[in-house]
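Peer 1: the sequence and its predicted three-dimensional model are supplied below.
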Amino acid sequence: MDRTSIFDVKELRQELILINLNEIMAAMEEKGYNVTNQLVGYFTTGDDKYITSYKDARKKIKKFDRSEVLMALINAYLGK
């Protein structure tokens, strides 16, 4: 069968965010930070100083709007 593939930009963007978020969390763990506390601080204040600069984690999180990252996390949790 010859079918047309459907390309979902939203889904691709969410996957990109989650990949980056996993790298960010790994960098924070490597530096000994409590990842949950740091992410809560970042999400509630918007201050990227809660994210380590180690392995460019801060640069990675600044690529995305905070609400996009939250939505990606919630969608992943809900299995969407």
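Peer 2: Happy to help now that I have it. Numbering: from 1, shown residues only.
Peer 1: do you have the helices of this protein handy? List them.
Peer 2: 9-30, 35-45, 57-62, 66-78 (DSSP state H).
Peer 1: between these, which gets nearest to Ile51?
Peer 2: The closest of the helices of the chain to Ile51 is helix 57-62. By C-beta to C-beta, the value is 4.7 Å. Every residue, glycine included, has its C-beta placed from N, CA and C.
Peer 1: and the closest one, what's its mean pLDDT?
Peer 2: Helix 57-62 carries an average pLDDT of 98.
Peer 1: helices or strands up against it?
Peer 2: helix 9-30 (3 or more C-beta pairs under 8 Å, 6 or more residues apart in numbering; DSSP states H and E).
Peer 1: helices and strands around the helix it packs on, which ones?
Peer 2: helix 35-45, helix 57-62, helix 66-78.
Peer 1: quick one: the longest one to helix 35-45, angle?
Peer 2: With axes from the mean of the first three to the mean of the last three C-alpha atoms, to 10 degrees as the basis, helix 66-78 and helix 35-45 are set at 140 degrees to each other.
Peer 1: next, the buried residues of helix 66-78.
Peer 2: 69, 71-73 (16 or more other C-beta atoms under 10 Å).
Peer 1: before we move on, the earlier item: distance to Gln14 added to the helices and strands packed on helix 9-30, as TSV?
Peer 2: Shown next, in TSV, are those (distance: least, C-beta to C-beta, whole Å):
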stretch	distance to Gln14
helix 35-45	17
helix 57-62	15
helix 66-78	5
